[in-house]
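Novice: Got a sequence here, can you build the structure:
(chains A and B)
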Amino acid sequence: MRFPCRLILKELLHRWVGFTLSLVAATTAVALCVGVAMTQAAAEKETRRNARDIGSNVFIIPASCDLYEYHQQGYSPYAMPDSSIDRMLEAGKIAYNHLIPTLTAEIGVGDRQARLTGIAMARHPKGRPSKSKMGIVVQPGHLHLGHEVAALLGAEKGEEIELLDRRWTIERVAPEMGTADDITILANLEDAQQALHREGEISEIKAISCVQCDTPEDTSLGTLRAQLKKILPETQVYLMKEIADARVRQRRMMETYSPFVMLILILASGSWLGVLAAINVRERIGEIGLLRALGYGGGTIGFLILGRALLVGLLAAIFGFAIGTGMTLTFGPEMFPITAGGIRSDFHLLAFAAMAAPLIALLASFIPAAWAIGHDPAVTLREGQ
Amino acid sequence: MVIQLRNVTRTFPVRHDKVTALAEINLDIEAGKLICFCGPSGSGKTTLLFTIGGMLRPNSGKVSVLNRDLYALSKSERASFRATQIGFIFQDFHLVPYLTVRENVLLPLGHLKTSQRGGQQDCDQLLERLGLAHRIHHKPSQLSAGERQRTAIARATVLKPPVLLADEPTGNLDEHSAEEVYRVLTEYREQGGTVLVVTHTRSAWTYADQVIQLVGGRVQVDPPVDSGHFKEG
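Specialist: Residues are numbered from 1 along each chain as shown, chains lettered A, B, ... in the order given. I've put the predicted structure just below:
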């Protein structure tokens, strides 16, 4: 076995151009696959973040609120106890997350009507903690003014105004949104409850549905409703389908993107390796015929060709892993600025590459090897002449 | 007889037809002889050599070498037999370009079991005898044509096979180098080896114990030297 191994090494050094091309092709494929795999986790987080930033797509309102009323007014005029959200949170892993309690009412601002919404920070069910902050946070004693409201009051950020017999500091003036947000004033939930004399009340809980809860048998909405019936029977839940569908689409795209990219890389590099192997065998046709004439069996001939491929695969796995990891750690944070911290080297990928790359190289060289073994040595010697 | 052929026929398919390279060849070759095969191009000389060498199965007939029915053996048995009993010398040398002279000469030993590798120690002596002692670490690209062919001869004879087959061994050599090659082949014959040479060169006939002409795949033994039957290919 040592002698054929020496032949392989010497042949690699002699035909270094072909060897280098094979190694570059295989290394590039491994490096890109490693990069895709490493960024997949970050990409998924980034996608979840982007999907979350699309906004809440679930609203939970009192059962007494008619949906016609809800859509006509733009909010629920009915209330439920703010302890409702505590009951939801205690229920454990439920099919929605990022629960935001709100209280909304119409108030007079100047000679117009505006919408005051008290809002609290997003909260998460037991067993589903989230490090990311979602939702708007309004400091006590402060307001966020919608664009039209700010224009009506002639107010700017940092100024103080009087509203509902209280003094407030303007924390933020929102840009023009083209929606009802332009006539909305956001306040801290407790402040709003006190200002409206509705302590302990909320009119709505906004949330984000769990995409992973979709099953062939049931949508997340079905799950939501079944769960809520048990936790808060006095409420009803609705799903904003467009937003939900957008999140699902984005999630599914990411789930199929990585395997698709890797498959393309593997097929492309495998094809190129096969071509290079065929060229190599063709170049060595006389040498192969000679070895057969000297009594070398088909097994040795096959070993010389496939052993070469195995070596290319192993080296490509090592170099590809190193290059892919290095480049991903260097450039990955630019691609995924929010979840850059999630990009880490993964030595499981090295183990996987060390198995997959040689296997693919062997498969790519199989047909040229089979052809070389099966070819008549007398013919190969004549062709080699 | 060291080599016997009985009614050996070999054809090659060409499109919708077939070409008969060997037509019912019958041949007996004694041990320790140097035989030249000559004939026009396409007469079947190389085909005959490869058939005797166990590399080209005839369509019909029997080939015996050293009392072994060559094509009754399995592929691996035939390969093993060929490795130790038959040496090959080719017109284009067929040296492995990335091996040194010494490594090329030792190539026939590479796949043999340790107990079969008797010739390793003789390698350097053989190379010295052939005037290649100062070239053993050189690659074929660094050798002259004559040196390459002598390397090929060394490789073919390192295991001292009883039968040596040479296909146009001097086809790419100058006159001086060609004479060198025939000197070596003659020495091998004198040491008891049986040497079969395919050649276009009339001057080679002077070294031969017997000249066999092939015309259209058929054998004509000892053609007259000035016979009009033989035309240079």
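Novice: Pull out the buried residues from stretch B:137-152.
Specialist: Using 16 or more other C-beta atoms under 10 Å in any protein chain shown as the burial criterion, the residues of stretch B:137-152 that qualify are B:139-140, B:143, B:146-152. Backbone N, C-alpha and C define where each C-beta goes, glycine included.
Novice: what about it, how long is it end to end?
Specialist: Using C-alpha to C-alpha, to the nearest Å, the gap from the first to the last residue of stretch B:137-152 comes to 15 Å.
Novice: And the contacts of that stretch?
Specialist: Here stretch B:137-152 makes contact (C-beta atoms under 8 Å, 6 or more residues apart in numbering or on different chains) with B:89-90, B:93-102, B:104-105, B:130-132, B:135, B:169-170, B:172-174, B:176-177, B:180-181, B:184.
Novice: Please determine how far A:Ser203 is located from A:Ser84.
Specialist: To A:Ser84, A:Ser203 is 11 Å away according to C-beta to C-beta, to the nearest Å.
Novice: Please enumerate the strands of chain A.
Specialist: Using DSSP state E, the strands of chain A run over A:58-62, A:80-81, A:96-109, A:112-119, A:142-145, A:160-163, A:166-173, A:184-188, A:201-202, A:204-209, A:235-239.
Novice: so what does the last one touch, helix or strand wise?
Specialist: Under the contact definition 3 or more C-beta pairs under 8 Å, 6 or more residues apart in numbering or on different chains; DSSP states H and E, strand A:235-239 sits against strand A:58-62, helix A:220-231.
Novice: Mind listing what's buried along the longest one?
Specialist: For helix A:220-231, a neighbour-count test (16+ other C-beta under 10 Å) marks A:220-221, A:223-225, A:227-228, A:231 as buried.
Novice: Also the shortest one?
Specialist: In terms of neighbour count (16+ other C-beta under 10 Å), strand A:58-62 has its buried residues at A:58-62.
Novice: tell me which strands and helices it is in contact with?
Specialist: strand A:204-209, strand A:235-239.
Novice: Need the contact partners of that strand.
Specialist: A:70, A:76, A:78-80, A:96, A:203-209, A:224, A:228, A:232, A:234-240.
Novice: Taking the residues you listed, please make a PyMOL selection of just the buried ones.
Specialist: This is the PyMOL syntax for the buried subset of those, where burial follows 16+ other C-beta under 10 Å:
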select buried, chain A and resi 70+76+78+79+80+96+203+204+205+206+207+208+209+224+228+232+235+236+237+238+239+240
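Novice: Mean pLDDT for the helices and strands packed on strand A:58-62 - can I get that in CSV?
Specialist: Conversion of the helices and strands packed on strand A:58-62 to CSV gives the following (pLDDT from 0 to 100):
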stretch, mean pLDDT
strand A:204-209, 82
strand A:235-239, 84
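Novice: which stretches of the stretch 251-385 of chain A form helices?
Specialist: Along the stretch 251-385 of chain A, the segments classed as helices by DSSP state H, counting those that start in this stretch run A:285-293, A:298-335, A:347-374, A:377-384.
Novice: Mean neighbour count, those helices: which tops it?
Specialist: The highest mean neighbour count among the helices of the stretch 251-385 of chain A belongs to helix A:285-293 (a mean of 24), with neighbours defined as mean count of other C-beta atoms under 10 Å in any protein chain shown.
Novice: returning to what we had before: okay, the strands of chain A in a markdown table with distance to A:Arg252 next?
Specialist: Rendered in a markdown table, the data for the strands of chain A read as follows (distance: least, C-beta to C-beta, whole Å):
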| stretch | distance to A:Arg252 |
| --- | --- |
| strand A:58-62 | 19 |
| strand A:80-81 | 34 |
| strand A:96-109 | 19 |
| strand A:112-119 | 31 |
| strand A:142-145 | 34 |
| strand A:160-163 | 45 |
| strand A:166-173 | 35 |
| strand A:184-188 | 33 |
| strand A:201-202 | 33 |
| strand A:204-209 | 15 |
| strand A:235-239 | 17 |
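Novice: Count the neighbours of B:Ile136 for me.
Specialist: Using other C-beta atoms under 10 Å in any protein chain shown as the criterion, B:Ile136 is surrounded by 17 other residues.
Novice: quick one, phi psi at it?
Specialist: The phi/psi pair for B:Ile136 (degrees, to the nearest 10) reads phi -60, psi -20.
Novice: Model confidence score at it, please.
Specialist: In this model, B:Ile136 is scored at 91, pLDDT.
Novice: what residues are up against it?
Specialist: Applying C-beta under 8 Å, 6+ apart, the residues contacting B:Ile136 are B:100-102, B:124, B:127.
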